[in-house]
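# I'll drop the sequence and a predicted model, then ask my questions.
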Amino acid sequence: MINITLKDGTVKTYESGITVFDVAKDISSGLARVTLAGELNGELVDIRKPILEDSTLSLLTFDDEGGKHAFWHTGSHLLAQAVKRLYPQAKLAIGPAIDHGFYYDIDVDVIITPEIMEKIEKEMAKLVKEGLAIERSELSRADALEKVKNEGEFYKEELIQNLPEDAIISFYSQGEFSDLCAGPHINNLSPIKAIKLLSLAGAYWHGDEKNKMLQRIYGITFPKKSQLTEYLERIEEAKKRDHRKLGKELDLFSIQEEGPGFPFFHPKGMVIRNELESFWRQEHQRRGYQEIKTPIILNAELWKRSGHWDHYKENMYFTEIDESDYAIKPMNCPGGMLVYKRKGHSYRDLPLKMGELGLVHRHELHGALHGLMRVRAFTQDDAHIFMTPEQIKEEVIKVINLADDIYKVFGFNYRVELSTKPEKAIGSDEVWEMATEALRDALVTKEIDYRLNPGDGAFYGPKIDFHLEDSLGRTWQCGTIQLDFQMPERFDLNYIGSDGEKHRPVIIHRTILGSIERFFGILIEHFAGKFPVWLAPVQVMIIPVADVHHDFAKGIADELMDIGVRASVDVRDEKLGYRIRDAQMQKIPYMLVVGDKEAEGGDLALRMRDTGDAGLISLEDLKEKLIEKIKTRSLTLD
RNA sequence: GCUGAUGUGGCUCAAUUGGCAGAGCAGCUGAUUUGUAAUCAGCAGGUUAACGGUUCAAGUCCGUUCAUCAGCUCCA
């Protein structure tokens, strides 16, 4: 007999070998119906999993991540089964559950069109009606290989061959369909009440562009029809926050055919950008950073010395001046190195922090461009910290703190990744190991959860990345902290130590916002265009009731502008309601309606973006409120 | 770069089987003088992404290129 401790702390005694599903059934048939998977001693397990020893067990439903995972993984099998029924010649590659739904990569000789997707969707619904049970079985490596070979599933064959020696090879089957799969899966198909195939894309086998491109079908399933409707509505809502759409509507920026990947910033976008940059300068100055600006075009020799010529050439643009080769900078570091090298340095100068809002150009693949998020010209909020090896940890921690301080101002959540040595890299393994450990040490000291991203470091060093989310939950790298022992060597940088000898400094390359462009895009989506007061292009729109109130309105605007508030008067010959609507749609935080009553009485009728009419306020109180909101970079209006 | 889809006034979208390119909003002009999310009327605005082809006739069919969108790959 074994003891099983449940989520609520109750302990139940069962015979060894009882399955997760049987435990659920024993508790109640209702619970058994909604249980999709289990979490056994902290590990996600199949609902069929026999429990052999004293354990803690959580029964997972669709409300749990693990339950969703099993549900969607089964969704992907259902998709594959439907495809195989319609196109028996199709070869299956991989079909995992993802954060929102699932996909399956399929190699089939017909081009899947939206019409075919509809057909597949119908076939899936038909399969659910058949009420097939899902069964799990294990095979030896030889038998498994034999099975998939007989079925002609050569992608599966390759997958099995790549499994580690001791791996348990399991298959899940439903009716005539069976698929190599580690699971977990749900008990049978009938809980799947809503099915939607979402999109279609090409995807390389093993993610390698040298391999064949397969057709990837994305889909999602739910236990209730209403959940699908809600999901689709949420997607629609998220699309309204898209920075490309809002950028157009609010007239912030544009990207035109004449310059793919080269964004134009419009007057209103520039207000936000300038506010961001002055905030950035303020935060850096008070932390001891100096600011520099290095040229955009520098000669080819420099890029050969820095290693970019050998390691980054495909992403660079080149030009020729007086018959010499020049490159347009894809990174700011070599220029920064030259500034450091201009004069001798003492250990007393270190750490030396040089910041640069540097405009870089990188050739990104045409298909990779995405609004402001991925462009071909962008301004990095770069800085290079020159320091002694002893200062590494402290300085890395200071940068982590700075990033956290800055992200907090916007109310962002972020995710941290640690990226290690890539294939194309310079420097010895020992130095890489040391640098990677230094970064890891800083993360551990700060008790930050991070995700490991092997092989994704810069070519000169490992890095800590900060990722922020867009409206659809896609994450984008913004801040980065990169440790570099290579550039100091290549540029023969040194400082004089307390011993009077020359020493090699170590460099941190870092950004906080990442690129101003990308950060701006994230910002638009994060706030859905409703910028906090300090960033809003127009902070107060004054709306006179009639012509006779224009002078009074302009007087108010002047007083506000005198204290640095961006105020504007809408003098157009339109009805009040029209102009309020317009200001509202421009997402202007505050509106003032001024007519006879205000001109006589002194107090002003205030309207706020989110809550509408806010009653009367005196000009003095309003000024105080605005100054406070702007100074504290408040995220709220009242 | 790869796979698939898309491209019509500044914006959002119409245009039967190939048969005279249209509407709303925005803009301009005039009337209207307005109290918390759209006042009325008139005017102007297009080589239908570009180039080539088929046809008596192309926004529509075919080809090439460019751009955009969803992914893949890559990356701030």
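The structure has been received and is ready for your questions.
# Helices along the stretch 51-200 of chain A, start to end?
For the stretch 51-200 of chain A, applying DSSP state H, counting those that start in this stretch gives helices covering A:65-86, A:114-129, A:141-150, A:154-161.
# Specify the angle between the shortest one and helix A:141-150 in degrees.
When you say that, I think you mean helix A:154-161. Counting by axes from the mean of the first three to the mean of the last three C-alpha atoms, to 10 degrees, helix A:154-161 lies at 170 degrees to helix A:141-150.
# that older thread, could you look over the helices of the stretch 51-200 of chain A and pick the most buried one?
Highest mean neighbour count among the helices of the stretch 51-200 of chain A (mean count of other C-beta atoms under 10 Å): helix A:65-86, with a mean of 23. In this view, the C-beta of every residue, glycine as well, is placed from N, C-alpha and C.
# roughly how far out does that helix sit from the chain middle?
What separates the centre of helix A:65-86 from the centre of its chain is 26 Å, taken as C-alpha atoms, centre = their mean, to the nearest Å.
# does any bit of that helix sit next to RNA strand B?
No - figure legend: helix A:65-86 not in contact with RNA strand B (C-beta under 7 Å from any atom of the strand); closest approach 14.4 Å.
# Could I have the CA atoms of that helix written out in CSV?
Only the C-alpha atoms of helix A:65-86 are listed here, as CSV (Å, rounded to 0.1, in the frame of the first residue of the first chain):
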residue,chain,number,x,y,z
GLU,A,65,-0.9,24.7,-17.4
GLY,A,66,-0.1,21.0,-17.4
GLY,A,67,-3.7,20.1,-18.1
LYS,A,68,-3.9,22.5,-21.0
HIS,A,69,-0.7,21.0,-22.3
ALA,A,70,-2.0,17.5,-22.3
PHE,A,71,-5.3,18.7,-23.9
TRP,A,72,-3.6,20.5,-26.7
HIS,A,73,-1.0,17.8,-27.3
THR,A,74,-4.0,15.5,-27.9
GLY,A,75,-5.3,18.3,-30.2
SER,A,76,-2.2,18.0,-32.3
HIS,A,77,-2.7,14.2,-32.6
LEU,A,78,-6.3,14.8,-33.6
LEU,A,79,-5.1,17.2,-36.3
ALA,A,80,-2.6,14.7,-37.5
GLN,A,81,-5.1,11.9,-37.6
ALA,A,82,-7.5,14.0,-39.6
VAL,A,83,-4.8,14.9,-42.1
LYS,A,84,-3.8,11.2,-42.4
ARG,A,85,-7.4,10.3,-43.1
LEU,A,86,-7.7,12.9,-45.9
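# Reformat the helices of the stretch 51-200 of chain A as TSV; add mean pLDDT.
Shown next, in TSV, are the helices of the stretch 51-200 of chain A (pLDDT from 0 to 100):
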stretch	mean pLDDT
helix A:65-86	90
helix A:114-129	87
helix A:141-150	85
helix A:154-161	86
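# And the ones you listed: which comes nearest residue A:597?
helix A:65-86 (56.4 Å; C-beta to C-beta).
# Tell me what angle that closest one forms with helix A:114-129.
When the same axes, to 10 degrees is applied, the directions of helix A:65-86 and helix A:114-129 differ by 110 degrees.
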